[in-house]
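>>> Fold the following for me, if possible:
(2 chains)
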Amino acid sequence: MTEDEFAAYQSLSEETEDHRWAFGTGFTDPLEGIDASVPDGVDAVALATYCLMLGDDALIYSHRLQQWMTRLPELEEETALANIALDLLGQARMLLARAGRAEAPRRPDGSGRDEDELAFFRDEHEFRNVRLVEALDADFAELTGRLLIFSSWRLALFSRLTDSADPVLAAIAAKGVKELTYHRDYAAQWVIRLGDGTPLSHGKMQAALDAVWPLVDELFEADSVTAALSGVAADPAALRGEVGAVLDAVFDAATLDHPGAAPMARVAGKSGRDGVHTEAFGYLLAELQSVARAHPGATW
Amino acid sequence: MEGSQVRSGWPLYEVFLRGKRGLNHVHVGSLHAADPQMALHHARDLYTRRNEGVSIWVVAARDITASSPDEKDPFFAPSGDKVYRHPTFYEIPDDVPHM
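Down below sits the predicted model:
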């Protein structure tokens, strides 16, 4: 045998450190070896708020996806949605932890809030998520339509954040890009299948897009926190073209009309990013935080 | 619900997975899907959650031809007594390298 032919067999004979696993472990920590201090010249409070914004999007949307468990049409879709919800929860944990650490020096007692405290003990007006993720989906078409829009937007956002001046944010974004690519692909395939399907599924998919569309404009609105973080954060307005092109391509393949619904109004000029949320959010938060608030400081 | 009669229309697919350290795809299970592309995605969602593999094959179960248990004797019994077909049957002389 030549050397090249031997090389393939050599990997089989290498000793793995854990002999229980047939296929090897290979677990990696995406934040290993990354300097966690806030870079010079970056406003720490703004960075913490920005991480809260991105983390809250993932946390709340993950909760909504989790509420779909046992209600999906097929068992395979259950696992797929569970995987997606779990990926988003992982992103939320890393982002909330980053927010807690970045804000720590500026807090009165100098100690930062950890991810659990940020997730379970903040009140409604302190959450900075967009309003798109708050609503309960009426049916499977709305679920996949909302997931398509959310993951296309978040993927475009994270692709830009991989160049962020904050190394932790860049690492989180690099890991997130791989996950979000799959989420977007999964949602797009379902939107195309339902849109280009029977008249019933086409009608439901079109109605779902029309229902979700009023909350899309908010994803691309500029805000003061992002403006204060040039080089670290990604400008939301710059994403509109790329995300619009992706969504148009999917709608064309699905033979769906581009939704024309007007954007949902702000409340006294404020929306999700300012802590003003829809009515559904209160109920969502009550369920999400109920156990932790009933037993503060408890551990498993 | 009107859709209940159509519910189990998805065909069965068998899933084969190759691990990072493997050379061949091994059978890991089966799933239902509407078409081959969906089957690939379902296989990724169901069978690679613990970092089991780097390559997935899905094959529609109806395309697989399998031997039947009734033919076990004529198919497999004759090879049971032919010990000369195993390399360990032969003695290698000491001066022959790499075998």
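>>> Mind jotting down where the helices sit in chain B?
Secondary structure of chain B (DSSP state H): helices at B:36-47, B:72-76.
>>> got the contact list for the last one?
Contacts to helix B:72-76, defined as Cβ atoms under 8 Å, 6 or more residues apart in numbering or on different chains, come from residues residue B:67. Backbone N, C-alpha and C define where each C-beta goes, glycine included.
>>> What mean pLDDT does it get?
Helix B:72-76 shows a mean pLDDT of 86.
>>> Could you check how far it is from the centre of its chain?
20 Å (Cα atoms, centre = their mean, to the nearest Å).
>>> got a list of what residue B:37 touches?
residue A:189.
>>> what's the pLDDT at it?
Note for residue B:37: predicted pLDDT of 93.
>>> any idea which helix or strand of the chain has the worst average confidence?
You didn't say which chain, so I picked chain A. helix A:3-13 (a mean of 58; mean pLDDT, DSSP states H and E).
>>> sorry, should have said chain B
Least confident element among the helices and strands of chain B, by mean pLDDT, DSSP H and E: helix B:72-76 (a mean of 86).
>>> can you list the residues of chain B near chain A?
Within chain B, the residues that sit near chain A (Cβ under 8 Å from any Cβ of the partner chain) are B:7, B:10, B:19-23, B:31-34, B:37-38, B:41-42, B:44-46, B:49, B:51-53.
>>> For chain A, what is the nearest residue in chain B?
residue B:19 (3.3 Å; Cβ to the nearest Cβ).
>>> Excluding sequence neighbours, find me the nearest residue to residue A:61.
residue A:133 (3.9 Å; Cβ to Cβ, 6 or more residues apart in numbering or on different chains).
>>> List the residues that contact the most centrally placed residue in chain B.
For chain B, the residue nearest the mean C-alpha position is residue B:27 (3.4 Å; Cα atoms, centre = their mean). Residues near residue B:27 by Cβ under 8 Å, 6+ apart: B:14-16.
>>> Pick the one among these closest to residue A:111.
Proximity of those to residue A:111 (Cβ to Cβ) peaks at residue B:15, which lies at 48.8 Å.
>>> For the closest residue to the closest one other than its chain neighbours, grab the count of nearby residues.
For residue B:15, ignoring the flanking residues on the chain, the nearest one in space by Cβ to Cβ, 6+ apart is residue B:43 at 4.5 Å. Burial of residue B:43 is recorded as 25 neighbouring residues (other Cβ atoms under 10 Å in any protein chain shown).
>>> Contact partners for residue B:43?
When contacts are counted by Cβ under 8 Å, 6+ apart, residue B:43 touches B:13, B:15, B:17, B:31, B:56, B:58.
>>> rerun at 10 Å
If you count contacts by Cβ atoms under 10 Å, 6 or more residues apart in numbering or on different chains, residue B:43 has them with A:76, B:13-17, B:28-31, B:33, B:53, B:56-58.
>>> which of those residues count as buried?
Buried subset of the contacts of residue B:43 (neighbour count, 16 or more other Cβ atoms under 10 Å in any protein chain shown): A:76, B:13-17, B:28, B:30-31, B:33, B:53, B:56, B:58.
>>> And for residue A:164, nearest residue in space, chain neighbours not counted?
Sequence neighbours aside, residue A:170 is the residue nearest to residue A:164 in space, at 4.5 Å (criterion: Cβ to Cβ, 6+ apart).
>>> now the helix or strand containing the one you found against helix B:36-47, angle please.
For residue A:170, the host element (DSSP states H and E) is helix A:167-195. On the basis of axes from the mean of the first three to the mean of the last three Cα atoms, to 10 degrees, helix A:167-195 is oriented at 130 degrees to helix B:36-47.
>>> what about the nearest residue to residue A:260 once chain neighbours are set aside, how many neighbours?
Nearest residue to residue A:260 in three dimensions, chain neighbours excluded: residue A:213, at 7.6 Å (Cβ to Cβ, 6+ apart). Applying other Cβ under 10 Å, we find 19 residues neighbouring residue A:213.
>>> Equivalent analysis for residue A:117, please.
Quick note: residue A:117 (other Cβ under 10 Å) scores 15 neighbours.
>>> following the helix or strand harbouring it, which helix or strand comes up?
Assigned by DSSP H and E, residue A:117 belongs to helix A:115-120. Tracing the chain C-terminally past helix A:115-120 and defining elements by DSSP H and E, one meets helix A:140-161 next.
>>> Determine the set of other helices and strands touching that following helix.
Contacts defined by 3 or more Cβ pairs under 10 Å, 6 or more residues apart in numbering or on different chains; DSSP states H and E place helix A:140-161 against helix A:44-66, helix A:75-103, helix A:167-195, helix A:199-212, helix A:240-253.
>>> give me every residue that touches residue A:80.
By Cβ under 10 Å, 6+ apart, the contact list for residue A:80 reads A:72, A:74, A:182-183, A:186, A:190, B:38, B:41-42, B:44-46.
>>> quick one on the thing from earlier: give me the buried positions along the helix holding residue A:117.
By 16+ other Cβ under 10 Å, the buried positions in helix A:115-120 come out as A:115, A:118-119.
>>> same thing with stretch A:189-201?
Across stretch A:189-201, burial judged by 16+ other Cβ under 10 Å covers A:189-195.
>>> thinking again about what came up before, list the contacts of the residue nearest to residue A:260.
A:132, A:145, A:149, A:258-264.
>>> Thanks a lot, catch you later.
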